[in-house]
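> Build me a model from this:
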Amino acid sequence: MIKAIALGTSSAFPTRTRNHPSIYINLAGNNMLFDCGEGTQRQIRIAGLSPSIDSIFITHWHGDHSLGVGGIIQSLNMLRREKPLEIYGPTGTDSSVRHIISTYKFHNMVKVKTVSLKLPRASKIMESKDYEVYGINLPHNVMCIGYKIKEKDRLNIRQDLLRKTGIKSGPFLKGLKQQKDVSYNGRRLRWRHFTYLKKGRSLVYMTDFSYERKLASFAKDADALLIESTFSSDMEEKALQFNHLTVRQALTLGKSARAKNIFLTHISQRYEDKKELDEQVKMEAKKLGLSGRVKVLKDFDVIEV
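All right, here's what the predicted structure looks like:
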C-alpha cells in the first residue's frame with residue numbers, strides 16, 4: 001500500500017488553512033517528501049509523522065516548493081542522522097543544495113546525496129526492491145519535474161487453490177514466488193498454476209505546469225493522481241500566463257490518463273473558502289463523466305492506494 005499525507009496544499013502564498021506544498025509518503029519503510037515548502041517540518045510534527053526523512057523529490061526550485069529543505073537538513077543533523085539523505089530535483093539541484101548548506105551557519109554532518117535530473121523523456125530515476133520512481137519534464141517557467149511512484153508487480157500465491165488441493169503453507173511456497181516449480185509430498189507444483197500477478201499500485205504527483213494533453217500518458221492508469229489546480233475553470237487565460245492549470249484542465253488531464261482517483265492541490269489563496277471550489281469540481285467531474293474519487297485536497301488529508 002502507498003500511503004500519502006498532504007502536508008501542504010497551497011500555491012505561492014500559504015494561508016490560514018493551507019501550508020506551502022509538500023506530500024509525505026511512507027512506503028516499504030521509507031519516508032519520502034515530494035516538495036518541501038516552508039513550514040513542512042511543523043506539519044510533520046502536527047501530523048505525528050516521523051521526522052526521519054530518507055528522500056526528498058523537488059519538482060522545481062521556486063521557494064514555495066523548496067524553502068523547507070534547509071530546515072530538514074539541519075534537523076537531521078541535530079538528530080545525528082547517519083543514513084544519507086537523498087535529494088532529487090531538476091538540473092542545478094546539486095548547486096542549490098550546496099548553497100543551502102553553506103548559507104546556514106551550522107556544522108553539517110548529514111551525508112546529502114543530490115541527484116540532478118535532466119529528462120529528455122519520461123525515465124526511471126530511482127529503484128528499490130519494492131518500488132520505482134519515475135520523472136518527466138513539465139512545461140513551467142523554470143525546469144520542473146513531475147513524479148510517479150510505483151510499487152513493483154509481484155507474484156502472489158493462490159491461497160484458494162492451496163485450500164482446494166489440500167496443500168498446507170510452508171517455506172516451499174517461496175520457490176513458487178521465485179518462478180520455480182517445487183515438490184510437495186511427491187507432487188510437482190508448477191509456479192504458473194499456483195501464482196497470480198498482483199499489479200503494483202501507483203501515485204503520480206504533477207504540479208506547476210501548463211496544460212499539455214500528451215502528459216496524460218505519464219499518469220496512465222494511476223491509482224492516485226495528485227495534480228495542481230491553481231485556478232478555477234473560468235481563469236484559463238491567467239493559468240496560461242502563469243504556467244498553471246485550471247480545475248477543468250486538471251480533471252481533463254486526469255480523465256485522459258484514466259486515473260482511478262484524482263486529488264487537486266496547489267490551490268490559490270483566492271479560494272480560502274473551499275466551498276466554491278468544491279462545487280465547481282463536482283460540476284466539472286460530472287460533465288466529464290469521472291467515476292472515481294475526485295477531491296480538492298486539504299492539509300493533513302490521507303490518501304491510501
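> residues making contact with stretch 94-103?
W61, S66, V69, G70, I73, I87, G89, N108, V112, T114, S116 (C-beta atoms under 8 Å, 6 or more residues apart in numbering). No exception for glycine: its C-beta is placed from N, CA and C like everyone else's.
> May I ask which of those residues comes out lowest in pLDDT?
Model confidence across the contacts of stretch 94-103 bottoms out at N108, which has 89.
> wait, what's in contact with that residue?
I73, Q74, N77, I101.
> Also F300?
Here F300 is in contact with I5, A6, L7, Q43, I46, A47 (C-beta under 8 Å, 6+ apart).
> Same question for H107.
N77.
> before we move on, back to that, filter the contacts of F300 to the buried ones?
Neighbour-count burial (16 or more other C-beta atoms under 10 Å) applied to these gives I5, A6, L7, Q43.
> other SSEs contacting the helix or strand the second one falls within?
Right, the one you point to is A6. For A6, the host element (DSSP states H and E) is strand 3-8. Secondary structure elements in contact with strand 3-8, counted by 3 or more C-beta pairs under 8 Å, 6 or more residues apart in numbering; DSSP states H and E, are strand 22-27, helix 40-47, strand 224-228, strand 302-304.
> Export the ones you listed as JSON lines, with columns for distance to A239 and mean pLDDT.
Output for those, formatted as JSON lines (distance: least, C-beta to C-beta, whole Å; pLDDT from 0 to 100):
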{"stretch": "strand 22-27", "distance to A239": "21", "mean pLDDT": "97"}
{"stretch": "helix 40-47", "distance to A239": "26", "mean pLDDT": "98"}
{"stretch": "strand 224-228", "distance to A239": "10", "mean pLDDT": "98"}
{"stretch": "strand 302-304", "distance to A239": "24", "mean pLDDT": "97"}
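> Can you tell me which of these is most buried?
strand 224-228 (a mean of 27; mean count of other C-beta atoms under 10 Å).
> which parts of the helix or strand following it are buried?
Downstream of strand 224-228, the next assigned helix or strand under DSSP H and E is helix 236-241. Neighbour-count burial for helix 236-241, counted by 16+ other C-beta under 10 Å, picks out A239.
> and helix 236-241, average pLDDT?
96.
> Residue ranges in the stretch 101-250 of the chain under the pLDDT threshold?
The model of the stretch 101-250 of the chain has no residue with pLDDT under 70.
> That one: strands as residue ranges?
112-117, 123-127, 131-138, 144-151, 154-157, 182-184, 187-189, 195-198, 202-206, 224-228 (DSSP state E, counting those that start in this stretch).
> and M235, which of those strands is closest to it?
strand 224-228 (13.3 Å; C-beta to C-beta).
> what comes into contact with the closest one?
With C-beta under 8 Å, 6+ apart as the criterion, strand 224-228 contacts 2, 4, 6, 11, 23, 202-209, 219, 244-245, 250, 253-254, 257, 259-266, 297, 303, 305.
> Report the two of the contacts of F300 separated the most.
Farthest pair in the contacts of F300, by C-beta to C-beta: A6 and I46, 12.1 Å.
> which residue is nearest the centroid of this structure?
Y205 (4.7 Å; C-alpha atoms, centre = their mean).
> partner residues bridging that residue?
Y147, L226 (DSSP bridges).
> just checking, it touches Y147?
Yes. Y205 is in contact with Y147 according to C-beta atoms under 8 Å; the separation is 5.0 Å.
> Understood, closing this out.
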